[in-house]
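A.B. asks: I'll drop the sequence and a predicted model, then ask my questions.
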Amino acid sequence: MNAISMQEWIARNNSTPGVLALGVYAPGKTSLVESCTATFGSDAIEKAWRAVTETISVLQLNRFPTARFRFVYSQVFVHCERRRDGACLGVFAQRMLSDGELDRLVSEFQSI
Amino acid sequence: MKIKRLLFVDDNADFLGVLQTILGGIAGERWEIYTAQNAGMALQVLQDNQIDLVVVDMHMPVVDGLQFLALLSRKHPNLPKAVMTSDVSEAHRAACLSRGAEAFLQKPSLPQDWQGIYATLNEITKSQVEEGFRGVLRRVGLPDVLQMECLSRNSSVLEVKTHQVQGSIYIEAGQIVHAEVGDRSGEEAFNYLMALTGGEFNLRPFTPPRTHSISAQWEFLLMEAARKRDEDAEPTEESAGPVDAPDPFINPRTGFLIKATEPKPAEHRPEIAEFVVLSSQADVLYQWQCDDINGRINFLEFLSQRARQVAQGLPLGEFQRFEVYGSKSRAMAQIDTDHAFLVRTNLVPMNGEPA
């Protein structure tokens, strides 16, 4: 994964309506997360993203699929999508985010 | 400023000495550092002091770091835990995190690394421990209680009761000294009680037994009991729960299992592969086709911990559920204050034979 291009991709998409933060993670290489809203402080979102990405290895240990997983809260969900190379996209989004927008983000991430 | 008490458990006395000097120097009066060279000493420290964080080495003799983490999760479910090891691998990392460790750290090899270790551990001591699924006494098994009592060098009487029998195991200063059930006594009674698959047990204050019928070391007794249990036919008290699986599709909370988009619902149907329900104490209220119940308990506790950490400092609202989607299977976990459940489904072709 190219960290620069990922940063650019996050910057291009950080104003997507309903998206609160975007993160990308490649095991052993890079981990980036960017808040898209003032209510998500950078320190808190970095800790949250680390907690999310640490879930991957525990899912693997428990023989669960890791292609797609999601933490669902009453106001926000954290949707994670992993590519075949292990790179993971995390979308912190309001519950009202449309499936179309989410699919677009995932599809773009898969093709970077 | 509240002084934080940290306990470091490592069989390497030299490393503990270095750690105490360097981390003690960095932390100053903010930390009070305790050390222990084995699990037994660590449990004693925990019993005598209000510890805020335990940092465990992976490789230790007798009770290794993973076993010790599991013991701590049971005996001190609210106590934050971390692992510091020189043996860093993804597999070890996952195993430690799933057993309740909040951080998995590499032992410092350079002087400047200690500052990072201090910052990480200090951060963990600041995090608020909340009541919830993990905030209560965990489900423990008979061998776990015995192991904890012996490691802590406690004296107590463990009463074991089923519908048909009642027996006692006497522990004196960390040694199993007597067991009795019906006409049996000594190791025969101990092995019989350890082989029971149902019933309940209570830990009572120590009273001297009428005789000392057991002289073998507790480690040997536990291993021997486990071996016999595997070999012999169990004196089964009662069989596990109902055989028929409930229909989770009646419950709207599992609606995602039907709504999943890949593969297309028209071509595949979900088939329940596993179902587990736990109480807030992590007692198994119901399980169906679960091959590794302790693994699932650990997993649900890990999720509970992660869900809290993800939401810490962010306005996400209340945690509702965790979902996993694969091309051939799905899973969903829900963790409330009074229960937790996990459903796993396999997706089978509409015209195919059930798995």
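C.D. replies: Structure's in. What do you need?
A.B. asks: contacting residues for the closest residue to B:Gln115 other than its chain neighbours?
C.D. replies: Leaving out its chain neighbours, the residue that sits closest to B:Gln115 by C-beta to C-beta, 6 or more residues apart in numbering or on different chains is B:Ile26, at 6.5 Å. Where C-beta positions appear, they are placed from N, C-alpha and C, glycine not excepted. If a contact means C-beta atoms under 8 Å, 6 or more residues apart in numbering or on different chains, then B:Ile26 has B:114-115, B:118 as its contacts.
A.B. asks: Tell me the confidence at A:Ile10?
C.D. replies: A:Ile10 is assigned 92 on the pLDDT scale.
A.B. asks: And for the one 4 residues further on?
C.D. replies: The model reports A:Asn14 with a pLDDT of 88.
A.B. asks: quick one: B:Gly313 and chain A, what's the gap?
C.D. replies: Going from B:Gly313 to chain A by C-beta to the nearest C-beta, to the nearest Å gives 3 Å.
A.B. asks: In a helix, that residue, correct?
C.D. replies: No. When classified by DSSP: H, G, I helix; E, B strand; the rest coil, B:Gly313 is found to be coil rather than part of a helix.
A.B. asks: quick one: it and A:Ala44 touch, right?
C.D. replies: Yes. With contact defined as C-beta atoms under 8 Å, B:Gly313 reaches A:Ala44; the gap is 3.3 Å.
A.B. asks: Neighbour count: these two, which is higher?
C.D. replies: Remark: of B:Gly313 and A:Ala44, A:Ala44 carries more neighbours, 18 against 14, as counted by other C-beta atoms under 10 Å in any protein chain shown.
A.B. asks: List the contacts of the more buried one.
C.D. replies: A:Ala44 touches B:312-314, counting by C-beta under 8 Å, 6+ apart.
A.B. asks: and which of those is nearest to A:Ala38?
C.D. replies: B:Leu314 (12.3 Å; C-beta to C-beta).
A.B. asks: Can you list the low-confidence ranges for the chain?
C.D. replies: Went with chain A since none was named. Within chain A, the ranges that satisfy pLDDT under 70 run A:1-4.
A.B. asks: was after chain B, sorry
C.D. replies: Applying pLDDT under 70 to chain B flags residues B:1, B:127-141, B:197-200, B:230, B:232-266, B:351-355.
A.B. asks: Tell me the backbone dihedrals of the residue nearest to the spatial centre of it, please.
C.D. replies: Centre of chain B computed as the mean C-alpha position; nearest residue by C-alpha atoms, centre = their mean is B:Ala70, 4.0 Å away. B:Ala70 adopts backbone torsions of phi -60, psi -40, taken as degrees, to the nearest 10.
A.B. asks: ok, now which ones touch the closest residue to it other than its chain neighbours?
C.D. replies: Counting by C-beta to C-beta, 6+ apart, B:Arg99 is the residue found nearest to B:Ala70 once chain neighbours are left out, at 5.4 Å. Contact analysis of B:Arg99 by C-beta under 8 Å, 6+ apart lists B:66, B:69-70, B:73, B:298.
A.B. asks: Also B:Leu146?
C.D. replies: Listed by C-beta under 8 Å, 6+ apart, the contact set of B:Leu146 reads B:158, B:169, B:171, B:176, B:218, B:222.
A.B. asks: Point out the residues in the stretch 1-150 of chain B that sit beside chain A.
C.D. replies: B:90-91, B:93-95, B:97-98 (C-beta under 8 Å from any C-beta of the partner chain).
A.B. asks: repeat that with 7 Å
C.D. replies: Contact residues, the stretch 1-150 of chain B versus chain A (C-beta under 7 Å from any C-beta of the partner chain): B:90, B:93-95, B:97-98.
A.B. asks: Give the buried subset of those residues as a ChimeraX selection command.
C.D. replies: Selection of buried members from these for ChimeraX, criterion 16 or more other C-beta atoms under 10 Å in any protein chain shown:
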select /B:93,94,95,97,98
